[in-house]
Structure formats: structure tokens, C-alpha cells
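The following block contains a protein sequence and its predicted model.
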There are 2 protein chains.
Amino acid sequence: AVGRGEAAEADKRDYNIPIVEKNADPEQMLLSYLRKRLRLTGTKYGCGGGGCGACTVMISTYEPASKKIRHYSANACLLPICSLYGAAVTTVEGVGSTKTRVHPVQERLAKCHGSQCGFCTPGMVMSIYTLLRNYPEPTSEQMMAALAGNLCRCTGYRPILDACKTFCKESACCQRKANGKCCLDQEDDLFDKEEKVSTRLFSTDEFQPLDPTQELIFPPELMRMAENQPKRTLFFHGERMTWISPVSLDELLDLKAAHPKAPLVVGNTSVGPEMKFRGVFHPIVIAPARIPDLNVVKRMDDGLTLGAACSLSLVKDILTNAISEYPEEKTKVFCAVLQQLRTLGGEQIRNVASLGGNIISRKSTSDLNPILAASNCMLNLASRGGKRQIPLSDVFADGVGNNIITPEEILVSVYIPHSRKGDYVSAFRQAPRRENALPITNAGMRVLFEEGTDLIKDLSIFYGGAVSTTICAKQTCGTLIGRHWNEQMLDEACRLILKEIALPGSPSGEKVDYKKILVVSFFYRFFLEVLQSLRTMDPCRYPGIPMEYRSVLQDFKTKIPQSIQIYQDIEPSQSPQDPVGRPIMHQSGIKHATGEAVYIDDLPSVDGELFLAVVTSSRAHAKIVSIDTSEALKGPGVFDIITAHDVPATNEFYYSDGPEIIFVICVGQIVCAVVADSDIHAKQAAAKVKIEYEVLEPVILTIEEAIKHNSFFEPKRKLEHGNVDQAFETVDNIIEGEIHIGGQEHFYMETQSVLAVPIGEDKEMDVYVSTQHPAIIQEMVAASLGVPANRIMCHVKRVGGAFGGKLLKAGLLASVAAVAANKTSRAVRLILSRGDDMLITGGRHPFIGKYKVSATRIQGKSTCPYSVNKSFSVTG
Amino acid sequence: AVGRGEAAEADKRDYNIPIVEKNADPEQMLLSYLRKRLRLTGTKYGCGGGGCGACTVMISTYEPASKKIRHYSANACLLPICSLYGAAVTTVEGVGSTKTRVHPVQERLAKCHGSQCGFCTPGMVMSIYTLLRNYPEPTSEQMMAALAGNLCRCTGYRPILDACKTFCKESACCQRKANGKCCLDQEDDLFDKEEKVSTRLFSTDEFQPLDPTQELIFPPELMRMAENQPKRTLFFHGERMTWISPVSLDELLDLKAAHPKAPLVVGNTSVGPEMKFRGVFHPIVIAPARIPDLNVVKRMDDGLTLGAACSLSLVKDILTNAISEYPEEKTKVFCAVLQQLRTLGGEQIRNVASLGGNIISRKSTSDLNPILAASNCMLNLASRGGKRQIPLSDVFADGVGNNIITPEEILVSVYIPHSRKGDYVSAFRQAPRRENALPITNAGMRVLFEEGTDLIKDLSIFYGGAVSTTICAKQTCGTLIGRHWNEQMLDEACRLILKEIALPGSPSGEKVDYKKILVVSFFYRFFLEVLQSLRTMDPCRYPGIPMEYRSVLQDFKTKIPQSIQIYQDIEPSQSPQDPVGRPIMHQSGIKHATGEAVYIDDLPSVDGELFLAVVTSSRAHAKIVSIDTSEALKGPGVFDIITAHDVPATNEFYYSDGPEIIFVICVGQIVCAVVADSDIHAKQAAAKVKIEYEVLEPVILTIEEAIKHNSFFEPKRKLEHGNVDQAFETVDNIIEGEIHIGGQEHFYMETQSVLAVPIGEDKEMDVYVSTQHPAIIQEMVAASLGVPANRIMCHVKRVGGAFGGKLLKAGLLASVAAVAANKTSRAVRLILSRGDDMLITGGRHPFIGKYKVSATRIQGKSTCPYSVNKSFSVTG
């Protein structure tokens, strides 16, 4: 792979030369390779699981047969560098910088105020940039789709979209013109005349034009390599893992026979998170992406055959084309599949995730399996024993997900049939967020009527997400055959479905109820959709859908928002030097957009630096009987284990929120920490620390339980006004009640980050930390080390979002890092993974407030001379 | 080798474990290995040539045959790590630290105020520590000898010796007692009664006792290795160089036959500086130290045979023992050789330098060759062709240094004969500094008289340092045979010697005159010494030496100084909290002594850091026609070459001393700079930059020449008082004159040091620099980069000596580093070698002052109503 960044490793004079990595480790993802190995820190770590887009880069590949170059965005956090053989990687540094030229995408994002904390900005730049490489004048729909995989927590997206719109074909305005003027130019008309207001936040006149001829070309050396080098099997051997990339199906089948447990990896969006977050380890992985049979795209008389390694983006394009070319009645399956593909992951995920991967590995949450199964799709399987074709629905036939595909078998391609005349096909999904989120429940449904009637001839209903696998409402479907498509059938169907789809109970129970509602809602919607279609064909025969239900049929298409910001305009007499009231770009705006803005983990590594990984308590209330670190200490690169015994002074802090403890005990609290030469080694070792607990009662998980056990953080808080007891005896009215507020994750884009660097003298320490409160960090670190505060220098340049969440916890984590740095005399870096961050930090606490107010009517007016207010707040 | 430092590389929990270096590079010296590889920065770089002792460490070796452990001090800067196979290295970190315990040597040096800038202190500690390991109660002579190789530029040594004396057997005081009280306790008596004074600077009560049983033991693993592993030939292959250490003479002779050009290296005190400072490169070196034949010590009837690999310290011990055991008449040669050995190098040099090395490689400046040659010493040579014995004097017989030892031959041992009855033998030397400095001229002389007379029977006079080799005044000696030892002979001898020893002319001529004086002075002294001895034997026959000449015979033995510091004592009423007037230890005193005090080059390396080496002009006045960097850029690890073109803004500064230019031109000014991944690579590449000059006239080298060519830095300075012209016409007297003051090197122990670290945003830069004037550094760096000064953070924690020499030049060097850091976006470290430092920095300028003063007698008094004073100052 060739990096296109500005700085590079072991490079000479020309700072923009190809990078040849001779020891590609299959466990190394592109993100850490870019950030740590090549020192290209513009690409950010936000979640590590392809969920936030902060690590978006552009991958470019060249296909010698078609002589086509493909540019696509991808999440560097999930992309193994081994998968980039022959590919070019463009990072935000390669797009532009203050040292070369700032790219129009970067310039406009900054000048349209599209950056605030700036941590998501490089990822935004890369998503937009990649889109513009492929479509220099995109539609606003394309723009929205391109950004669906990128989260921003500060701006509310409006200013980001303002910047995006300047690249779109359509007018940047709301399209409503009045008096021949664009609405954006009608400030005087739009708003209250008394106060002069403005909505103009930037001037497009000063933007450089986008000139597609000025972009970086695909590296000619890679083009030559692709054209001249015969494809051969690649082996990459890492510290623990081997990556094999065969080039022929025969070879693949041999490999699979030899290593039946080795997973096939194309986009690594399924196996990757499994290995990262669930501790699954595969000593061998097989990458089949380069095998022609798995990339086949074949149009047949009755359907399409698509290779299992085809990316979801490619499938999306193929289906979109097919829909525009085939008669409507043949494309109902395609439309339903496409419906799911639009929101399946973000663009970055779809660009790398494979069709086969989604089918094979995402048993339960696959958005494709229910609709493909309901549509009679077929799987073409192969093994050294031979080839066979099976219906996808057979895979889920037993309802418990026992695999009928043998370990030696691989999925070569998928056959998606045309819909038949009289087929009605729909797909549904509900997810926490419309785009780029795994579904809570989804469904695929198909009905075929006896020709010219509404008598059910064939019905197929599949659900995903409900239980541990995709399941078919087989009995329901069988029972309903021959029934009319009417409300009686609907009632019966809902009853049957709820009976057949037995959802397992969960501790809270809430999700089960929710899923049940979704399961019947999806069928209800399908009922209405089909009814609507029947009526469209034969309005006399089928009833119209009552007005109040029609909203059910509306599709929530995400349109580009048209909100504007209105602010008090400056007076014409205001001096041009006076910035007050003018929309001024963020001081670091351009640097946010070029990736040059330095956050904690972008600080270059310090000589001998160690990475710290935390070991957290898995019990809410327990006594730690023993901590066995022996296995962890044997791990490669492990330097030491830090426990409470290593804290030279204070291990507990008392602030307004109750005690804060550096090392344990509460679920998620830190029991000990491993320091090693890399984050991977530290985390591997942390997983090997064995902690023996003696569980204590009571286990308090909710505020209600805390109240019940009288478990309060002192002092209790109570607001009273007046003589309360006396008042309640004499008042006319007493009003009592409770307010519940749920907890809330802060979800700053930059996870908690600390770099503690011992100066080497007098226990002095430089502490670089992402915090809103440097003074308290200094105080806590000094207290934990038992040194005067003036020995601790707390440095904060900028914070990648905080929202109140980088105060005391940041101080605790800084203390953990500082204690480790003090013990080892080494610099210690502690960058919480997203999972650890959400586990360890409390977020905004849930809240219960109880109030009791008395009211006495005085002289005809209702007043509140006395009031009582009790409130409790417990960390969840 | 096993490092005993506290921190160590790639180590685990136990931070004090053995270090196994599998890729020992023969070009790697222990100093850089300790500092850069093991991050043990307590051992300092002062001169790199064994001249200052700042890098002193203790080496311990174990001899399985005798079961003896030898501890000796050595200069880490000259010690190849390859030579340390099986040896243990103790650094100042291993002796003690604030984290473990502070060793008594460290404590006392600090508390006796023996550290000021602190840069020499760790070396002092190691010299004293090593002495105490061998002699827990040393004599003051041993202490003086142990410290002779350690320079201090701040303290004037007195407080260092105060600390040392507390370990010595003798009383710490001046030994003059009065009224039964030690002189140190007699403040009231010693000094003016009116002002209460004190000389008490520390209290010995608070010192920990020295407990020799508490020292680190010799590593048992190395002991086992020495005892159990058979000796085998060692090969170390480095980047450019191979080190071969054979174990038998046969093997050595084979190697020498195969590689006749490969030098033999024992202590590396001769080949090392040649490679470091004179660009000599040896692809192969042979280390014969482990061969028994070369370590032989044999007492014979008529003399001693000493192996060529014997260290000079061992030779010193052997001769000292022999002198105490043999009758005086047999030991006159030994005494003379010992006289030279006492001042030959410092203890650190003598501990590693070999007898053979001094004889073979130091042709001209060897302090041993003249006396050994004059004493009829013999060399035992061997080659694959056979063995032979030749008189050492034959080596110098031709007077021009043509080698009669063939390239295949090696020196196995040296035979030093007993003196015969009637032999008078003396050795002389004159050096810039008595200890640890190469001689300007030295001599060895021997005379044998006809028995019972003063008639010269045999005379041998050898000089070193005078010309390019050791030479013999052969004709003089021949002519004087048969003459009486009287003043006539002396006159004749001086005349003959001056005629025979033709000293080549030099540009300045001064040194030639000085050497001529030395050449005859040595003989004059020899004349007096012999005369004295003759008279002692037969006072009636030989004349006494006149009183006024007797001082010539006094030996300048360096005794421990007994100076004391007297200061105004505090009043008894002064509050104990009031520090004024109390002798308080340097705030960093303990850290100086433990090596924990961090200087610029002790800062850990920054990620991706580059080392900068300067290429200086070799012409005083020239036009640079071209700079050819092509070969330099091809060097391993070379990153870039920085020239004046890379300076974004100001290249010239005008301050009070005239212009300061970042890049060129004057001898020693910086033409360009190489940045590479290590200091060695940078320096290797810098040597390959080819500069073509067009020499310009005039070349101005002295102030006189500058005045002649009217070359002044404006504005000219002239001090006038009153109406000068008028006054000179009317005055009674005019006094005119000139004052000349020579230039002076500042010679701070820590050479000029800069670390420029780009922050990565807005051209911000952290500049860590050893300077007395951080503000001007900030200003100069900002001006050179063309950024506001607030972008440059200049950090100064401490300075390893400066004496006025770290002001403007430090700013220039900081600008060079900053320009390179700006261009490369990498941290750049610039640590001047001692040679470059003395070349580039101006030092205190030489000075000529011209004055003209008028004086008129008024009313009987002499006054100076008018005066004129002109002064010129030109950088040398």
C-alpha cells in the first residue's frame, strides 16, 4: 500500500514517497498504522468499530482488466493493513495542509463553521472528499448518504451541511424564492423588522473553486504493479496471526479444508469487531477478496448472481441499475433489498463489507438475511467435496441457527431472483439511529396472491434481531395461506406471529416489549403497503386506507436539513477591526479540517513511552480476594502491572459528587492497570489478569435500590423553604410528585486521553490531558503522588468534545497514568477505548427528584408560601 | 556486559536486570550506548576524547585464574562496547539515586558544595567511588591521582577536594595545629577579631558513613560466564566495521597477516580519537587484550618483560613494587619511567591504555618512548614469519619515523632493563597542564660514566613532541663521549642539541621558540640532576650547585590544596529559618551527584527526532562556488541537508558584537547542516559534503591585519573626554601605549546544546537550549523562522557551565536547529562536539587597546584633564 500523507516513516528528502511495509501484521489496523507508525495523526480514533467515521480515509484501487480506478471511503479502524496490498490510501494530510495548500473541502468546512471541537472534522473531510472524487457535483442525497457514517457531537450538523451544500448541484438555499430573491438574501423580509438580523455566516466569494484536475493521481507505481505482476498467494505473518490471501477458488477451498476454523475476511466489519471487542482470536484468517469467482456479477433470465465478496456498495449500485432497467414487477425484491442497503452501516462500511459476509456472519442482526430469505434467494456453496446450491431460508429453517453450511464450505455467490407477477415484497428495520446502527429488529416479507385475487398463495415472513438468529414465522405463514388480505387476516396474523416468535425474556424486560411491538408493527405496515398496492391496481375491489393510517406508509427519507442560524446583525458603523457580532471562523478551524490540530493522542510518542490498559471490575459490589497477574506479566512487551499499592499517597478523592477512587471498587472501576510497549500488548495482557471476587450484598444497580438500602453519598441534599412542618398542617393544598430523568452518556468524540511524562527530577511531571478543568487534574495528580502541586504541569491545548464529562474522571485517569509513570519512570499514555470510556465514566447520572409543595389560597390568589423539595441522585 | 543502571532497555518489572546486547557495533562507544540506548544519562559527554572525565564509569572484570575482581575507572567516551565482553559497568545511577539511596560519595560532594553547574559531578563521583572500591581509606595522593583526569570549570576544585578529604586517612585539615585545636576550629584566632567570620561550610556529623560492605557486588552471572565458558574468538559486525577479538597469539598473527592494515586496539585511547577526530576509518580492528602472551609480566635477572597489552596502570603498579624491592641502583630506569607514567593521561586513560599502544601508536607525543629508548629497552616482535627482538631506539634511528616494524608484525612485549651501576637516568615533560594533557615536548636521558669519574662513557638523549617522531640527539651524544660533566660540556651540549634537533618552522613561530627552550632546559635540568648525584657521592670532588639554581631540581609534586573559604558568620540571634549568610547546598546538588539532573542532551529523544551535524567553512574568506551534497545525502539514515535557502526569514542578526549569521562565512561558520537519524550518521554525512571555494583576499586572521585592511565592525568605538585636539597641543606630557589581551575559550563542560521540537501547529516550537539568555534565543529563532516570538517557547532548566559563552552563539545554533526542524517537521537535536564547539564559538575575543593620555601639571598636582582612548576588538 502506498501512503499519501505528508510525513512518513524512515523517509528521506522527499517527504511524500511510497511506504513499503515489509512486516505487515494481520492484527494491525490501518488506523494505528497511520497514527503510530507513519505519524499521520489527522485520522482520528473515535470508536474503533466503524461507528463514528472519525477515522475515514479514502482507499483507491486499480483494476487492470477494466483499467478503472475505484475511490471509496473506509473506516481505517477496521481495515487490516494486509487487506491493502496494492491499494493507495489517502488521508486528510494528503488532501491538503497549511504547509501545502488547503483543499476546498477543508477550507469550506472551516469557513462555514463546520468544526467546533474539530475531532470529527478530518473524517468529515474525507467522506466529502471521496464523494467529490467520484461525483464532482453530487446531489444533496448523495451528500447525505456520504456523511451518514460520520458523527458530530458539537455542531448539530447544520454548519457542516452548509459547507457540503456549496458543493452540490442544487442551490445552497432552501429553494423557496420570494420577490425573485433567494430566501437567504431576504433577511429583512423574513424576520422582525425592529431588530436587524442576519443569517449570513460566511461568504462563498472567498472560497477557492473545486478543481477536480488538481487532485492527487493514483500512484503510477501501483498501477504498474497491478498490470505487470502476476497475482500470487500472499502470506502475512504477524506476532500471533497469519493472513492468507489466495487468488483462485481451488486454492481457497484447499485452505478452508486445511483450516476449517479460519474465518474468511473481506471488509473485516464483522470479524474485526468480534476480535477487538469480544476477545475472539483467530490464528489464521483467509482473505478471499481477490478470487474472481467471489466477485462475479451475472445477470440471468430470472435473477442476478452476485459474488460473495462483492461489497455492499457494489450490490447497491447493481440493484439501483437493475431497477432502472427492468420492468417494475421484476424488481420488487431488488427494491426491498436496496431499501435495507441504504441504511445498512454507513458508506464507509458498505464500501468494504461484503455481501457474503453480511449473510454468513451476521446471523441475527443482518439486515439482508430476512429479506433475502423471504425472497427465495439461493446460496451457491463450494467445498473441496463439490458445489451445491441451497435456499438461504434453509439456513434458518430450524429456528435456532444451527449451521447447515459445513466448516469446509464457503459461500461463492448469491442468487437473487426477480420478483414474479403478483409478488409483493417489503423490508423493514428499526435501529437506535436510522443510519449506521445495528437494527433492534428487522424483517423481510413477501406475499404472492392467487392471480387476480387477494387470496394468499404464498407468504413468507422473516425477522432479524428478535432472537439469536434470523427466524421464519413459518407456521403463521402456513396457516394464513388461502386467506383474504383483510383486517381479519391481519388480526389473526398478529396473534399468530406473537405466539410463534417467542422472544426470550431479559432482566429489564423493556426491550422484549419493544421488540414485540416492532414485530407486529412491521407486519401491520406490510399489510397496509400491500393493501395500498392492491387498491392501486383495482380501486373498486379493495378498501381505501383510512386517512389516519396513511402516515404509516410514508417513508422516512432523510433529506438534507434546511435550518438556518439567525443572529443580531452588526451596525454598518461598526469598525471592521471590531470582531464582536461577526461570524468568525474557529481559530483552529483550518487546522481541524487539515488534521493538523493536535489532540492528546496526536502528541508524538515519548522515548520509552508505555501504553496503559485498565483492568476493570466485573462486579458491582464485591471484595477482591486475589489478583493474579502472573499470566499478564508474561505477555509480550508487558512492562509492569500497577495496583493501588503503587499509589504513593491519596487513592480517594472527595468532591461534590461523592468519592472518586483511583483503584476500585464498582463495576467499571479500575482494579489495576497494565503498562506495555504498545496498546495492543497492554490490552492483551489486561485481558489475562485474573481477579477473584467475593460477591457482597446488596448489589445496588438503580436509584430505587439505593434508596431501599439507605445507601446515600453524604451529605444528603434537601431543599426546604420556610417552616415546613407547620405549613403542611395548615395549608389548603399539598402537591406531591416525583421526577425521573435517565442517565446520559456524554459521548465526546475524543475518548478520555492522558499522557503523563515524568521529567526525571523531583517527581515533576508533565501531564497532557483532555480535560475541561486543568486545575483539578493538577490537584488530583499531585495528591495521588504526594507531591506539591507545583511539581505537576497540566497541559491542555484543546479537547475533542467533553460536554461536562472530562472533569473528575479525567483527573482519576490522569492519576492512574501518573502513578504508573511514577512507578516506571517512563512516559505513560492512557487512551481509553470507546468501550472502556463508556464503562468507566459515569456520564450524566440518572436522577430521581421527589417534591412536596403546599399551597394556600391568600386573598384570592394562588401562591406557594411554603414548599418542600427532596431530591436524590445516585450514580448508575 | 552488564549495565548496573537503574533504568534499562526493554526490561520488565525488575528495573535492574542484566542487559544483553546482541548487536554490538564496534563503532559504538559505551557513552552513547549508556546515554541513548539505555537512557542512562547521568554519564556526561564533555569532550569525547578522554580529556575531561565527565563520562567516567567504573568497569569491573573478573579473572577466573586468580579469582580476582578488578575495578577501574574509564572514560566511557572512548570505550567500545565490544571491548566490554564479560565486564560489568557501574554508572553513577548504579552508585546511588534519590529513588534508592544516595551514596556517601554523592552526598558529601553535594553537601560540601562540590557541585556548581553539576555537569562534571557524576564523573567526579565515579572517580572517587572507584578509588574507594579499591582503597576504602585512600591517601590524599591517591585521591589527587584519581581526580587528575576529571575537569571542573566552576568550583575551582576546593569544595570537591573538601568532600574528598572526608574519605582520606589523614585529617581533613591543613595539619597545622595551634593551641591543641585544628586550624579549622580556630576561626576566632585566625582572622580579624572585629568581624566574626567562619570557614565551616558543612557539617561532617550529618554524613552517612562509608560502608564498603554495602556496595553492589560483581554480577554472579558474569562470574559464572568467565569461569565456565571456554574463551573463544569473538566477532562483532557493525554497520561498517568488524571487531575481532582472538584468544591466542597464533590466531592473532594469522589475523594480522590476513589484515595487515587492521590496527590492534586495547584501550582505544589512540585509535579511538584518530577515528573520531581525524576521520580515519578501519573496516577491521583486532582486539588482542585477551591473549596471554600480550599480558605477560616477567621479572628477569637483568630487567622486566611486560606484555604489550598491559595497561599503563598495571605497569605503574609493577614498577612501583619493583622500586620498593630492588636496590636503588637497579631501578633508575624504572623511576624515570614511573615519573612519566604519573602524569601520562589521567587514571581513566592509564586504566585502559596499553603499554604497547603507547609505544607503537604515539610516535611523537608518547611520554614513554624517549625514556624507554634512552634506557635501552627492547621490543619483542612476532609475525607469522617468526619472532625477533629489536632495541626500541632502532625504531627511531632514522629520525623521520619510518617504521622498521612490518605491517604483519605485532609487538608482543617490552623488555625494560635494570639500570647499571653508574647509570643516571631522567625523564622530562612539559604539557599545557601537568596531568592528563599531551606533552608539548618531552625527553628521556641517560648517562653512564667511566667508573669513579665524571667522564662520559655512554650518553643517550631522546626527545618527543619536538618533531613528528621521537628523535635521538645521536651526534651530540657521540661528540660528548669522554667529556667531563661540567659547565663547558653543558655549553657545548646545548649548542649541539639545538643544532641537531632541527625544529620545523610554524606560521606563528612562537611554539618553535618555546620548544627550543624546552629542549635545552631539559638537558640543563638533567645536567644539574646528575651533578647533584655526583656531588652526593663525592662532595669533595664535584662543585655544589649554586643556591639560585637549586629550584630547578625541585619536583612539582601536586599536593592536595589546603585553601579554605572564609565568610562573614551569622549572628547567633539569626532565626534558623533565615537562610541568609548560611552555606546552603546547591538546590540541585544531590541530583548533580546522582546524575539525575537533566541537561539538554539528557532530554529523552522525541519521536522521529533527527540529529543535526554542522558542516563548517574551511576558509576564512572565500566565495562558496558550489555545495555538493549528493554523496552526503546517500549516507545511511540521512534525512536532509539544510542550507541558508531553508531559512524562512532572517539569516543575519546585528547585535553589539557585530553581525551573527546563521549560515556562513568565516572559518568555522556553518555552511550547511545534515540531519540524520543518529549523531554518527549525521556526522558521517557531514564529512561527505563537498564545498568548492573561490578564495578571496584579504584573509584577515589577526587584529593587526584587520586594522591594516581597515576592516571594522561598525560602529567604531572611541572614548574621548574633553577637547582632545586642543589639549594635546597644550599639555605638558603625553602618555601613549597599547594593551594586548589574548583570546580565551570559555570551555563550559556542557557543549552548546539545542533540542528544537516543532509542536505541529502554527510553526510553534519548543526550543530546549543551554543558554544564559532565553529571551534572545526566543527572539533569534522567531526572527529566523519569520514567526511572532510568542510561537517560540524557550526552555532552560539548567546550564552545564557557560561563563558568558552561551548567549548569541547559542541563539545562532538554536536557529540552525529550528530551521531544520521547521523544514523537516521533526524534532532536531544539535549537540556540538567539543571540537566543533571550540571551532564555531568565538570565546572571549582577543583585544588590542590603544591609548593616548595627556597630563598637565596644575598647582603642583598631576591630573589628567584630557584623555584619549581608542580600542579595537576583532573576532579571532
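All right, it came through fine.

ok but residue A:299 is inside a strand, no?
Yes. If the criterion is DSSP: H, G, I helix; E, B strand; the rest coil, then residue A:299 is within a strand.

OK, contacts around it?
Residues in contact with residue A:299 (CB atoms under 8 Å, 6 or more residues apart in numbering or on different chains) are residue A:322. Backbone N, C-alpha and C define where each C-beta goes, glycine included.

elements contacting whichever strand or helix holds residue A:342?
Secondary structure from DSSP states H and E places residue A:342 in helix A:332-343. Packing partners of helix A:332-343 (3 or more CB pairs under 8 Å, 6 or more residues apart in numbering or on different chains; DSSP states H and E): helix A:312-325, helix A:369-374, strand A:410-417, strand A:423-430, strand A:441-449.

so of those, which one's packed in deepest?
helix A:369-374 (a mean of 30; mean count of other CB atoms under 10 Å in any protein chain shown).

who in the stretch 551-700 of chain A is up against chain B?
Within the stretch 551-700 of chain A, the positions near chain B by CB under 8 Å from any CB of the partner chain are A:588, A:591, A:596-598, A:602, A:604-608, A:633, A:638-640.

Tell me where the stretch 151-300 of chain A has strands.
Using DSSP state E, counting those that start in this stretch, the strands of the stretch 151-300 of chain A run over residues A:177-178, A:181-182, A:197-198, A:234-237, A:242-245, A:284-286, A:297-300.

residues contacting residue A:140?
Residue A:140 neighbours (CB under 8 Å, 6+ apart): A:164-165, A:168, A:170, A:559-560.

let's see 6 Å
For residue A:140, the contact set (CB atoms under 6 Å, 6 or more residues apart in numbering or on different chains) comprises A:168, A:170, A:560.

Around residue A:783, how many other residues sit close by?
21 (other CB atoms under 10 Å in any protein chain shown).

And for the one 5 residues further on?
Other residues near residue A:788 number 10, with proximity taken as other CB under 10 Å.

per-residue confidence for it?
For residue A:788, the model assigns a pLDDT of 96.

Quick check: closest non-adjacent residue to it.
Leaving aside its sequence neighbours, residue A:788 sits nearest to residue A:782 (CB to CB, 6 or more residues apart in numbering or on different chains; 6.5 Å).

Please apply the same query to residue A:315.
Nearest to residue A:315 is residue A:355, by CB to CB, 6+ apart, at 5.3 Å.

How about residue A:300?
Excluding its sequence neighbours, the residue lying closest to residue A:300 (CB to CB, 6+ apart) is residue A:415, at 7.8 Å.

low-scoring pLDDT stretches of chain A, where are they?
The model of chain A has pLDDT under 70 over residues A:1-17, A:171-194, A:363, A:401, A:505-510, A:558, A:655-668, A:856-876.

Please list the residues of it that sit near chain B.
Proximity of chain A to chain B, by CB under 6 Å from any CB of the partner chain, involves residues A:7, A:13, A:591, A:596, A:598, A:604-605, A:607, A:640, A:760-761, A:825.

quick one: which of the strands of the stretch 151-300 of chain A is nearest residue A:693?
Proximity to residue A:693, assessed across these by CB to CB, is greatest for strand A:284-286 (34.8 Å).

Return the list of helices and strands in contact with the closest one.
Applying 3 or more CB pairs under 6 Å, 6 or more residues apart in numbering or on different chains; DSSP states H and E, one finds that strand A:284-286 contacts strand A:242-245.

In the sheet, which strands lie alongside the strand it packs on, parallel or antiparallel?
Strand A:242-245 has the following strand partners under DSSP bridges: strand A:234-237 (antiparallel), strand A:284-286 (parallel).

which of the contacts of residue A:140 tops the neighbour count?
Scoring the contacts of residue A:140 on neighbours with other CB under 10 Å, the highest-scoring entry is residue A:168 at 19 neighbours.

Could you tell me how far that residue is located from chain B?
Distance from residue A:168 to chain B, counting by CB to the nearest CB, to the nearest Å: 31 Å.

In contact with that residue, which residues?
Contact analysis of residue A:168 by CB under 6 Å, 6+ apart lists A:138, A:140, A:143.

List of residues touching the host helix or strand of residue A:107?
Using DSSP H and E, residue A:107 falls within helix A:104-111. Identification of contacts with helix A:104-111 by CB under 6 Å, 6+ apart yields A:96, A:125, A:128-129, A:163, A:166, A:202, A:207-208, A:210, A:585, A:589-590, A:593-594.

Using neighbour counts, trim the residues you listed to the buried set.
Applying 16 or more other CB atoms under 10 Å in any protein chain shown to the contacts of helix A:104-111, the neighbour count classes A:96, A:125, A:128-129, A:163, A:166, A:202, A:207, A:210, A:585, A:589-590, A:593-594 as buried.

about what we covered before: ok, the residue nearest to residue A:788 touching residue A:793?
No. Shown here, residue A:782 and residue A:793 do not form a contact pair, counting by CB atoms under 6 Å, at 10.6 Å.

which of the two has more neighbours?
Per other CB under 10 Å, whichever of residue A:782 and residue A:793 has more neighbours is residue A:782, with 23 against 16.

how would you label the residue in the stretch 701-850 of chain A that chain B sits nearest to: helix, strand or coil?
Residue nearest to chain B within the stretch 701-850 of chain A (CB to the nearest CB): residue A:760, separated by 5.0 Å. On the three-state scheme (three-state DSSP), residue A:760 is labelled coil.

can I see the domain layout of chain A?
Structurally, chain A divides into domains by automatic domain parsing as follows: A:2-214, A:230-286, A:292-501+A:510-553, A:600-701+A:748-830, A:703-744+A:845-873.

so can I have JSON lines of those showing distance to residue B:36?
JSON lines is the format used below for the domains of chain A (distance: least, CB to CB, whole Å):
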{"stretch": "domain A:2-214", "distance to residue B:36": "18"}
{"stretch": "domain A:230-286", "distance to residue B:36": "26"}
{"stretch": "domain A:292-501+A:510-553", "distance to residue B:36": "42"}
{"stretch": "domain A:600-701+A:748-830", "distance to residue B:36": "9"}
{"stretch": "domain A:703-744+A:845-873", "distance to residue B:36": "50"}
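
Residue A:611 versus residue A:795, what's the distance?
Separation of residue A:795 from residue A:611 (CB to CB, to the nearest Å): 19 Å.

The two: who's more crowded?
A count of neighbours by other CB under 10 Å puts residue A:611 above the other of residue A:795 and residue A:611, at 23 against 15.

got a list of contacts for the one helix or strand that one maps to?
Counting by DSSP H and E, the element that carries residue A:611 is strand A:610-616. Strand A:610-616 is contacted by residues A:639, A:668, A:670-675, A:678-679, A:682-683, A:686, A:689, A:817, A:820, A:826, A:828-830 when judged by CB under 6 Å, 6+ apart.

now with 8 Å?
A:639, A:642, A:667-679, A:681-683, A:685-686, A:689, A:691, A:816-817, A:820, A:824, A:826-832, A:836, A:839-840.

What distance do you get for the residue nearest to residue A:736 when sequence neighbours are not counted to residue A:731?
Sequence neighbours aside, residue A:852 is the residue nearest to residue A:736 in space, at 4.6 Å (criterion: CB to CB, 6+ apart). Distance, residue A:852 to residue A:731, by CB to CB: 11 Å.

Equivalent analysis for residue A:278, please.
58 Å.

again with residue A:617
When distance is defined by CB to CB, residue A:617 is 48 Å away from residue A:731.

Please name the residues that touch the closest residue to chain B within the stretch 401-550 of chain A.
Nearest residue of the stretch 401-550 of chain A to chain B (CB to the nearest CB) works out as residue A:436 at 30.8 Å. Contacts for residue A:436 (CB under 8 Å, 6+ apart) come out as A:51, A:53, A:148-149, A:343, A:345-346, A:349.
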